[in-house]
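> got a predicted structure here, sequence first:
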Amino acid sequence: MRRLRNVKIVATLGPASSDETTIRALFEAGADVFRLNMSHGTHDDIRGRHTIIRKIEADTGRPIAILADLQGPKLRVGVFANGSEELVEGAKFRMDLTDAPGDVTRVQLPHPEIFAALEPGASLLVNDGKIRLKVDECGPDFANCTVTVGGTISNRKGVNVPDVVLPVAALSAKDRKDLEFACELGVDWLALSFVQRPEDVIEARELARGRAAILSKIEKPAAVKAYADILAVSDGIMVARGDLGVELPVQAVPPIQKRLVRGARAAAKPVIVATQMLESMIESPVPTRAEVSDVATAIYEGADAVMLSAESAAGQYPVEAVTTMNNVALSVESDPTYRDVIEASRSAVRNTMADGIVSAAREIAETTEIKAICCFSQTGNTVALVARERPRVPILGLTPLVSTARRMCLTWGTTCVVTGEQERFKGAVIAAVRAALNYGFATEKDHIVLTAGVPFNVQGTTNILRIAPCDERLIYKADPE
């Protein structure tokens, strides 16, 4: 199955999409990557969905990426004697470590690490920011606050602390167990929640031990500030706009999204734009025009992927949501303005031999009748460099490693193909030609551009660019044994 678009679609699985029939329909509608949310469902549930995805992959012969999204630490208030209370603007409210049930004046906040980091003037947000408190005074076991935005506060609602870097590890005990389970299961990407500093990513990478690529979710102001350092140690990025919109002014999120996407593109690392993209389709078969524009904006920015969360996991119309996202992508990418925007935002990076080769491949492909750029890669790095160029022609990522092919499913514009090990360059040319023909990218009258490295099967050796005819007879004539 050849996708006729460049941007990838990530679909979250859940109660509405756990059976084989629905997951297969999601894939056929356009899902390239399936997200398994470790916040919901048991390990047996996750294992069952993983098994179904791999069966569909085997049936279709097309690599499919699986992303396991770790929950991260959850900061919550305690319980109330009455179950809930109504806080009014201007009232005083205290949070402390005392485990007595709360009332309209106080509640337990069983997280001493929060009190250790707070300072007067800091904000505490409760229930996704619906309630806002300003800290008047604080100590190691309390925070006396003023209610700046009132509302109903109830048992175990979440707490956000946007103004400080919390001394809280990104990986909870549950996350560590989930990480090991997901890696043993064989997922391709791990999404790391609650990232505040690059050390959070490094810790997850050490635990993963190369079994999965690490994707950092940018969902906290501290992560935005430390973005360059976090990006440097990550394999990919997720722009988690929902959480950013809780901890930052909502008007700040669009420009931050644009900066994060451009930074990841310049670094040749996949970037997903996520959260509430087609939110109304949880209950409606048709999205709002604003939601369609939101998806389109991410595609115009050059994001590698756009993501569905509750729309495909728990909504009433999961397949329709994927279909809608696919149709929006097709429409945007056929707009001449799309190419203008993409090319205006292209980064001119020329630091290595590989950078020069992929840049030349893109320029040759766009100034001649080349039908595709074919890249042989052990790790997917060369394919990522080609994708950074955002060429006008399709990218074929060829690799002998199934794990690499699956990870490349998140890379913009790339069709992933598993090939046999190649020992000689002519064999690689023939394999690329056959892939281009089999996937419908070219006919025997066409040409492709091929990038590869000699010696073969050695990481980081991209050093060859070749224009090849798609007629094997001409290849044999040009390259006799």
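Now that the structure is in, tell me what you want to look at.
> can you read off the pLDDT for the residue nearest in space to the middle of the chain?
Centroid-nearest residue in the chain: residue 272, 3.7 Å away (criterion: CA atoms, centre = their mean). If you check residue 272, the pLDDT there is 98.
> cool, and residue 1?
With respect to pLDDT, residue 1 has a value of 63.
> the residue lying closest to residue 234 once chain neighbours are set aside: what secondary structure?
If the residues on either side of it in the chain are set aside, residue 234 comes closest to residue 216, at 4.2 Å by CB to CB, 6 or more residues apart in numbering. (C-beta placed from N, C-alpha, C; glycine too.) What DSSP: H, G, I helix; E, B strand; the rest coil gives for residue 216 is strand.
> who's in contact with residue 216?
Residue 216 sits next to 191-192, 195, 200-201, 223, 230-231, 234, 236-238 when contact means CB atoms under 8 Å, 6 or more residues apart in numbering.
> likewise residue 439?
With contact set as CB under 8 Å, 6+ apart, residue 439 has these partners: 2, 396, 415, 417.
> buried ones in the host helix or strand of the last one?
In this structure, residue 417 is located in strand 414-418 according to DSSP states H and E. Within strand 414-418, the residues that qualify as buried by neighbour count (16 or more other CB atoms under 10 Å) are 414-418.
> how about these in a markdown table, adding pLDDT?
Below are the buried residues of strand 414-418 laid out as a markdown table (pLDDT from 0 to 100):
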| residue | pLDDT |
| --- | --- |
| 414 | 97 |
| 415 | 96 |
| 416 | 96 |
| 417 | 94 |
| 418 | 94 |
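> identify the farthest-apart pair in these.
Pairwise distances across the buried residues of strand 414-418 peak at 13.1 Å for 414 and 418 (criterion: CB to CB).
> can you pull out the helices in the stretch 301-450 of the chain?
310-313, 318-333, 336-344, 353-367, 381-388, 402-407, 425-438 (DSSP state H, counting those that start in this stretch).
> so, low pLDDT: which residues of the stretch 351-481 of the chain?
456-458, 460, 477-481 (pLDDT under 70).
> do the chain as well
For the chain, the ranges with pLDDT under 70 are 1, 456-458, 460, 477-481.
> quick check: longest helix of the protein.
Identified as the longest helix of the chain according to DSSP state H is helix 43-60.
> chain center to that helix, what's the gap?
Between the centre of helix 43-60 and the centre of its host chain there is 20 Å, according to CA atoms, centre = their mean, to the nearest Å.
> and that helix, what's buried?
By neighbour count on 16+ other CB under 10 Å, the buried set for helix 43-60 is 46, 48-50, 52-53, 56-57.
> ok, back up a step: and the helices of the stretch 301-450 of the chain as CSV, adding mean neighbour count?
Shown next, in CSV, are those (neighbours: other CB atoms under 10 Å):
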stretch, mean neighbour count
helix 310-313, 26
helix 318-333, 22
helix 336-344, 12
helix 353-367, 18
helix 381-388, 26
helix 402-407, 22
helix 425-438, 20
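> adding distance to residue 82, write the ones you listed out as CSV.
Below are these laid out as CSV (distance: least, CB to CB, whole Å):
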stretch, distance to residue 82
helix 310-313, 30
helix 318-333, 38
helix 336-344, 54
helix 353-367, 63
helix 381-388, 54
helix 402-407, 50
helix 425-438, 65
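> nearest to residue 89, out of these?
Closest of those to residue 89 is helix 310-313, at 30.6 Å (criterion: CB to CB).
> for the closest one, packing partners?
With contacts defined as 3 or more CB pairs under 8 Å, 6 or more residues apart in numbering; DSSP states H and E, the secondary structure elements packing on helix 310-313 are strand 8-13, helix 318-333.
> how about the ones you listed in TSV, adding distance to residue 300?
As requested, the helices and strands packed on helix 310-313 are exported to TSV (distance: least, CB to CB, whole Å):
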stretch	distance to residue 300
strand 8-13	15
helix 318-333	6
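> out of the ones you listed, which is closest to residue 112?
Set against residue 112 and scored by CB to CB, those come closest in strand 8-13, at 33.5 Å.
> quick one: the helix or strand harbouring residue 299 to helix 318-333, angle?
Remark: residue 299 resides in helix 289-300, with elements defined by DSSP H and E. Relative orientation of helix 289-300 versus helix 318-333 (axes from the mean of the first three to the mean of the last three CA atoms, to 10 degrees): 60 degrees.
> I figured residue 192 hits residue 220, correct?
No. Assessed by CB atoms under 8 Å, residue 192 is found out of contact with residue 220, at 11.8 Å.
> so which strand or helix has residue 463?
Residue 463 belongs to strand 462-469, assigned by DSSP H and E.
> and for residue 475?
Element membership for residue 475, per DSSP H and E: helix 472-478.
> report the buried residues of that helix.
Buried-residue list, helix 472-478, by 16+ other CB under 10 Å: empty.
> now do the contacts for the residue lying closest to residue 364 once chain neighbours are set aside.
Of all residues not flanking residue 364 in the chain, residue 449 sits nearest, at 5.7 Å (CB to CB, 6+ apart). Residues counted as contacts of residue 449 (CB under 8 Å, 6+ apart) are 361, 364-365, 370, 372-374, 465-468.
> one more: residue 152?
Going by CB under 8 Å, 6+ apart, residue 152 touches 84-87, 131.
> mind running it again at 6 Å?
Contact analysis of residue 152 by CB atoms under 6 Å, 6 or more residues apart in numbering lists 84, 86.
> against residue 417, how distant is it?
From residue 152 across to residue 417, the span is 54 Å (CB to CB, to the nearest Å).
> ok, now which ones touch residue 316?
Contacts of residue 316 by CB under 6 Å, 6+ apart are residue 283.
> what number of residues lie near residue 149?
Residue 149 has 15 neighbours, counted by other CB atoms under 10 Å.
> hey, what's it bridged with?
Beta bridges link residue 149 to residue 132 when assigned by DSSP bridges.
> wait, doesn't it sit right on residue 132?
Yes. In this structure, residue 149 is within contact of residue 132 by CB atoms under 6 Å, at 3.9 Å.
> can you give me the strands in the stretch 51-200 of the chain?
Assigned by DSSP state E, counting those that start in this stretch, the strands in the stretch 51-200 of the chain fall at 65-69, 84-87, 92-96, 106-108, 123-126, 131-139, 142-149, 151-154, 159-160, 189-192.
> for the second one, C-alpha coordinates in PDB please.
It stands for strand 84-87. This file holds the C-alpha atoms of strand 84-87, laid out as PDB (Å, rounded to 0.1, in the frame of the first residue of the first chain):
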ATOM      1  CA  SER A  84     -15.800  18.100  46.300                       C
ATOM      2  CA  GLU A  85     -15.800  21.800  47.200                       C
ATOM      3  CA  GLU A  86     -16.500  25.100  45.400                       C
ATOM      4  CA  LEU A  87     -13.500  27.500  45.500                       C
END
